[in-house]
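Asker: Attaching a predicted model along with its sequence, questions to come.
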Amino acid sequence: MTWQPSRAVWMWLVLLAVTLALARWAGPMAVPGWMQIDMAGAVSRFMDWLVNTASFGLFTFKDLTRAIAQAIEWPYQAVRMALVEGWVEGRRSEARTILPPISWIGIIAIVTAMGVYARNWRLGLFVGACFLYLAVFGQWESAMVTLASILIAVPIGIAGGLVLGIAGAVWPAFDRVQTPFLDLMQTVPTFAYLVPILFLFGFGPVSALIATVVYAMPPMVRITTMALKSVPSEIRDFGVMAGCTPRQRLTRVLLPTALPDLMVGVNQVIMLSLNMVIIASMIGAGGLGFDVLNSLRRLDIGRGIEAGLAIVALAIALDRLSQAFATRRPGAAGDGARHMRWWVVLAAFVAATTLLGYVVPALQSYPEAWTVTTRSLWSDLVKWININYYDQLEAVKNVLLLNLLLPFKRFLLALPWPWVLALITLAGWQLGRGRLAALCLALGLFIVVNGLWEPAMTTLYLCGISVMIAALIGLPLGVLAASSERAGRIIGTGIDLLQTLPSFVYLIPVVMLFRVGDFSAMIAIVLYALAPAIRYAAHGLRSVPEEIVEAGAVCGCTRWQILTRIRLPMALPEIMLGLNQTIMLALSMLVITALVGTRDLGQEVYIALTRADTGQGIVAGVSIAAIAIIADRLIAAGARRTRRKLGLEPAHP
Amino acid sequence: MHQQPVKLGCHNVWKLYGPHPERLLAGGAAPDLDAIRASGHVGAVRNVSIDVRQGEIFVIMGLSGSGKSTLVRCLSRLVEPTAGEILFNGKDLLQARPKELIDIRRHKMGMVFQHFALLPHLNVLQNVAFPLQVQGIGRAAREARAEEVIALVGLEGREAYFPRQLSGGQQQRVGIARSLVVEPELWFLDEPFSALDPLIRREMQDEFLRVQQLLHKTIVFITHDFDEAIRIADRIAIMKDGEVIQVATPEELVLNPAADYVAEFTRYVSRAKVVTLGRIAVPGAAEGAAGTLPETVRVEAVANEVEAAAAPFNVIDEDGVVIGHVTRQAVIDVLVGRGGRG
């Protein structure tokens, strides 16, 4: 088969040559002074004005933020009392417990019962075991602080998401207005949210909760709108023909029919909330996230791993539980009474163990003497690895750093910015004509005028390398997963686990083995961003129509030919979407790796956070979003084009 | 047949999709298909006028994209027609306010959908009782009524099943029961059996005819299956490109197709399925007739009986008056496709 490069391919080859030449001989180019705009300063001044002088007549902006904080503070304190502190009167030495918190046995009983209700005894015992782990390994109190935050953030996130999502489904105009905001909110990295919230609400758990809600809500909005829109039109028509009022149509026909999809959104809100509650320990969330952060700062290996594993246990328990609720189907009629009896027994048990806690402290809180600490074990293990395999680890690190990471970084930083801008604009023009080209140019210019070109290129380098490696690992694994049922199941379980873990957790083992720096960051990013590359590749390969594969087999293709000539080309659009997701996850992880000392936009945001510099934080955050949006739109346009070429999508939508 | 009053009248109804459909019809203009296409519009329903009479089964038949589904949605006002008039019991449905419309739908209309449109979170009993529930009828009363219609469609004992636990045919029985629970005057069926296997489809058609024998509803039935149409229809409207090409009884349609397009459908239809005895009867009572048969009976239904008998049968009208007789030879002619035409 001879390959006839098209004109576009020739053009890009020439451009690539010019790019290499420019990097070699031209070198970087400074942004002229007249092009630089102090957007960060303007944002900061605006925020200052907002907090200090802005007023809506009857009340000031500050009153508003205080009211919001109060509204969240109250229920949060109540839940904390129930889970952690109990109802205490007086302070310090005079403190007197009026009502103790729910006993650890009681909470384990509750989550076990929820597991049984949602699916079966096996799940109940599994979830109970996860919580028992928290108690046995001495993480109970931190875990309950984290859980308290989630118990507040999740209902707010779900309710808010439902309201906005329903509004979007009912009024298309509303949807058009809110979609760009949702896009931006999902691409602006997590840290960037923290800066303005820290500025508006101060340091503390309430700020952390607000950040969590803001972060976890957009997917719920989207899923709600989509779920309502995808209710079959016949069911919609039936609602009308049955004589439902608009309200009845929504509450009795549309929402219940969309319920399974909505539950997927609930699962997402829970997992994103957990992720953010951990990260938000930087602005005072406390709990397990704070333990991890603290031990990362002090390089206390054992404690970090312990807290990290506790997060894993909590994440897996919450994920399995909410997934079980999502797929739960209404049982046969008439089991309501039986459920009722069980719930009464459970309530009695929880109350009894909690009250007995007055008499038997071991029932109240898990006795310290029984806790098992693995701290020294982990420290020793890491020490042992570092003593015995230091040279090997270091060799791998150095080889990759010197031969791959650093040259690529130097190459990108050497490119003159006008040339890079021209290239992405041209790519936008090729894939999506005027609008896409304009978008790419505008977003690129945003980075330039804010003087963030160098950190942006550093971001591009770290993200690019990580995505490349993730793709190189992910694609073969995806092929493997698609090739056999068993491999698919094993790999599937593995990436399920990877995706359940909050991003913070990835930093721990990496730092233990490779210390701080770009290399550690890269490994953490690859691990975090690997899952979609595998998942989409496997899904794309598997969903190639069996008929086409059979047609290939009948033509006498070997297995290798079927893979390379039929399955892979057909799966290309799906693989590209996976790549897109990988890039998004890589960018969001990139920001978190600022903690291990990278020098990119993430670091800019992190510095802004430590200084509570809103302007810098927002501008750097939006710059990351700009990179994400450019990548997203270009790849989506490319995937669409490929789909059209393959006839999977009509040419004119 | 005595002429029944018109239950649902549909006059010059249009439904155009596109940038400015009203402008195209301004001043009572009636653009043709090319003019509509040229202006960037789609003519889903074009100038349709039909009258559905009380107690008849009126079938709207057309291939996919012919506009039949849009037409039935205009008739029930699920889709707002661009122009025209729809008279239900003599009142213009298009002028009804939202509240009146809800009231009409709650008490006077029922609809069955191609893909059943059952609510997945409710069991059979709750699904069937749903239209009564939205009216605010108490649980005991609505469930008692639901039980009645569930029995009518032969699903007793499955009240606690959820839709996903039922076969397609059973699901559509639930759909039928649900549409009948409010005792509607007007019953819309939108391709109710198209999603079912051929054997089940036939069984459901019989079931449908049995239920109609009991209830005598006024029915608008949509289908793309010509055999189904001639099997169950009192009258058929053939649609193409949004237009009604011919409205006629199955017999007339087969014997006198108004257009080549209609003839395409009728060409291979066995005459015996549609020709009635009234049409082939020879005037005058027969000497020593073997028996009497009503004039509305189709030849296919009695062919065996007539062919086997030694003498002709007398044919009588609704009032029992003999209008003529049919011979063995006449029936055989129809069966082999010789007679009956014209």
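Answerer: All right, it came through fine. Numbers count the residues shown, from 1 in each chain, chains lettered A, B, ... in the order given.

Asker: ranges for the strands of chain A?
Answerer: A:87-89, A:96-99 (DSSP state E).

Asker: Which residues lie in contact with residue B:17 in this structure?
Answerer: Counting by CB atoms under 8 Å, 6 or more residues apart in numbering or on different chains, residue B:17 touches B:41-42, B:44. In this view, the C-beta of every residue, glycine as well, is placed from N, C-alpha and C.

Asker: again, only using 10 Å
Answerer: Taking CB atoms under 10 Å, 6 or more residues apart in numbering or on different chains, we find residue B:17 in contact with B:36, B:40-44, B:70, B:79, B:82.

Asker: what residues are up against the closest residue to chain B within chain A?
Answerer: At 3.2 Å from chain B, residue A:243 is the closest residue in chain A, using CB to the nearest CB. By CB under 10 Å, 6+ apart, the contact set of residue A:243 is A:249, B:101-109, B:131, B:134-135, B:182.

Asker: and those residues, which are buried?
Answerer: Buried members of the contacts of residue A:243, scored by 16 or more other CB atoms under 10 Å in any protein chain shown, are A:249, B:101-102, B:104-106, B:109, B:131, B:134-135, B:182.

Asker: Turn the residues you listed into a markdown table, columns for secondary structure.
Answerer: Output for the buried ones among the contacts of residue A:243, formatted as a markdown table (DSSP: H, G, I helix; E, B strand; the rest coil):
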| residue | secondary structure |
| --- | --- |
| A:249 | helix |
| B:101 | helix |
| B:102 | helix |
| B:104 | helix |
| B:105 | helix |
| B:106 | helix |
| B:109 | strand |
| B:131 | helix |
| B:134 | helix |
| B:135 | coil |
| B:182 | coil |
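
Asker: Now render those as a markdown table, adding pLDDT and distance to residue B:198.
Answerer: Output for these, formatted as a markdown table (pLDDT from 0 to 100; distance: CB to CB, whole Å):
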| residue | pLDDT | distance to residue B:198 |
| --- | --- | --- |
| A:249 | 92 | 35 |
| B:101 | 91 | 37 |
| B:102 | 92 | 38 |
| B:104 | 93 | 36 |
| B:105 | 93 | 33 |
| B:106 | 93 | 35 |
| B:109 | 92 | 30 |
| B:131 | 94 | 30 |
| B:134 | 92 | 35 |
| B:135 | 92 | 37 |
| B:182 | 91 | 31 |
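
Asker: Just give me the closest of those residues to residue A:425.
Answerer: Residue A:425 has its nearest neighbour among the buried ones among the contacts of residue A:243 in residue A:249, at 46.9 Å by CB to CB.

Asker: could you measure the residue nearest to the closest one when sequence neighbours are not counted against residue A:635, distance?
Answerer: Using CB to CB, 6 or more residues apart in numbering or on different chains and skipping residues adjacent in sequence, the residue nearest residue A:249 is residue A:239, 4.3 Å away. Distance of residue A:239 to residue A:635, given as CB to CB, to the nearest Å: 39 Å.

Asker: And the spatially most central residue of chain A, what's its pLDDT?
Answerer: In chain A, the residue lying closest to the centroid (CA atoms, centre = their mean) is residue A:272, at 5.8 Å. With respect to pLDDT, residue A:272 scores 86.

Asker: show me what contacts it?
Answerer: Contact analysis of residue A:272 by CB under 10 Å, 6+ apart lists A:153-154, A:157, A:186, A:190, A:212, A:215-220, A:502.

Asker: sorry, back to before: nearest residue to the residue of chain A closest to chain B other than its sequence neighbours?
Answerer: Nearest one to residue A:243, counting by CB to CB, 6+ apart, is residue B:106 at 3.2 Å.

Asker: How about residue A:244?
Answerer: residue B:134 is the one closest to residue A:244 (CB to CB, 6+ apart), at 5.1 Å.

Asker: give the contact list for residue A:17.
Answerer: Taking CB under 10 Å, 6+ apart, we find residue A:17 in contact with no residue.

Asker: elements contacting the lengthiest helix in chain B?
Answerer: Assignment by DSSP state H gives helix B:198-215 as the longest helix of chain B. If contacts are counted by 3 or more CB pairs under 10 Å, 6 or more residues apart in numbering or on different chains; DSSP states H and E, helix B:198-215 sits against strand B:57-61, helix B:139-152, helix B:168-180, strand B:186-190, strand B:218-223, helix B:226-232.

Asker: again, only using 7 Å
Answerer: On a contact count with 3 or more CB pairs under 7 Å, 6 or more residues apart in numbering or on different chains; DSSP states H and E, helix B:198-215 meets helix B:168-180, helix B:226-232.

Asker: How about stretch B:157-175 and chain A, touching?
Answerer: Yes - for a cut-off given as CB under 7 Å from any CB of the partner chain, stretch B:157-175 has contacts with chain A, namely B:160, B:162.

Asker: Do I have it right that the residue nearest to residue A:249 meets residue A:253?
Answerer: Yes - checked against CB atoms under 7 Å, the pair residue A:239 and residue A:253 is within contact range at 3.7 Å.

Asker: As CSV, the contacts of residue A:243 with distance to residue A:179 would be great.
Answerer: As requested, these are exported to CSV (distance: CB to CB, whole Å):
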residue, distance to residue A:179
A:249, 24
B:101, 32
B:102, 32
B:103, 37
B:104, 37
B:105, 34
B:106, 36
B:107, 41
B:108, 41
B:109, 37
B:131, 36
B:134, 32
B:135, 38
B:182, 40
